[in-house]
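Engineer: have a look; sequence and predicted model below, questions after that.
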Amino acid sequence: MLGLWIVIFTRVISAVLILRFPVFGYLLSIFFDLTDLWIFEIFNSTFGVHYHIIDKILDMLMFIFAFIVSRKFDILSKNIIRGLFIWRIIGTIIFEVTKVRWIFFIFANIFENFYLFTAIRIKHFPKFSFTKKNAWWILILLAIPKLYHEWFLHISGKDMLVYQWTLRQIEKFGLRVQ
């Protein structure tokens, strides 16, 4: 149970940090999203039947705070982010209704990559010319790793390899809390 509370705490705090630190907060949120398995295993917590729902709620919290920050972006970026945000929400709803995992591949979370690209571009490369013409190329380039990620997690069946590797590392380094 302690593992669940640590996961919820770290995910909520990092999501809130997005409002003040758009890039750092989002990267921290991704980090804590990716490490929830470690925390559960280290603290001998069980995922529980309902963790998937909690995870999706925490994901949405992260997306909502990023969406709020994106309201300050240029109009083209703002419109793209709005579309990608709605696309991911639709995909999440369809998945929750159907429980068909490949839905996440079709409704890939390109929102995440585009948000980070835009937040970094605005902060560190303000002179970069972002136009409708190069937006398509940028979206395609950002979609490629995300499509692979979604395929790996939701279609390939290789996600269990990551879980097994995680368990080996926890045991190897004696990280489990008794």
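Structural biologist: Arrived safely, thanks for sending.
Engineer: give the helix, strand or coil label for Leu147.
Structural biologist: The assignment at Leu147 comes out as helix when based on DSSP: H, G, I helix; E, B strand; the rest coil.
Engineer: that one is in contact with Phe104, isn't it?
Structural biologist: No: shown here, Leu147 and Phe104 do not form a contact pair, counting by CB atoms under 8 Å, at 10.3 Å. Using the backbone N, CA and C atoms, a C-beta is placed for each residue, glycine as well.
Engineer: these two: who's more crowded?
Structural biologist: For Leu147 versus Phe104, the count of surrounding residues by other CB atoms under 10 Å is larger for Phe104: 20 against 15.
Engineer: pLDDT score assigned to the more buried one?
Structural biologist: Confidence at Phe104, expressed as pLDDT, is 93.
Engineer: buried residues in the helix or strand in which it is found, which are they?
Structural biologist: Using DSSP states H and E, the element containing Phe104 is helix 103-106. Applying a neighbour-count criterion of 16 or more other CB atoms under 10 Å, the buried positions in helix 103-106 are Ile103, Phe104, Phe105.
Engineer: pick the one among those closest to Asn44.
Structural biologist: Distances from Asn44 to the buried residues of helix 103-106, taken as CB to CB, are shortest for Phe104 (28.6 Å).
Engineer: and the closest one, how far from Phe21?
Structural biologist: As for Phe104, its distance to Phe21 is 27 Å (criterion: CB to CB, to the nearest Å).
Engineer: how close does the residue most central in space within the chain get to Lys133?
Structural biologist: To find the centre residue of the chain, average its C-alpha atoms and take the closest one (CA atoms, centre = their mean): that gives Ile30, at 5.2 Å. Ile30 sits 29 Å away from Lys133 when distances are taken as CB to CB.
Engineer: repeat for Phe152
Structural biologist: In this view, Phe152 and Lys133 are 31 Å apart by CB to CB.
Engineer: same drill for the two, tell me which one is more crowded.
Structural biologist: Between Phe152 and Lys133, counting by other CB under 10 Å, Phe152 is the more crowded of the two (15 against 8).
Engineer: which one is that one nearest to, not counting chain neighbours?
Structural biologist: The shortest distance from Phe152 to any non-neighbouring residue, by CB to CB, 6 or more residues apart in numbering, is to Lys158 (5.8 Å).
Engineer: ok, how many other residues are close to that neighbour?
Structural biologist: Around Lys158 sit 10 other residues, with neighbours defined as other CB under 10 Å.
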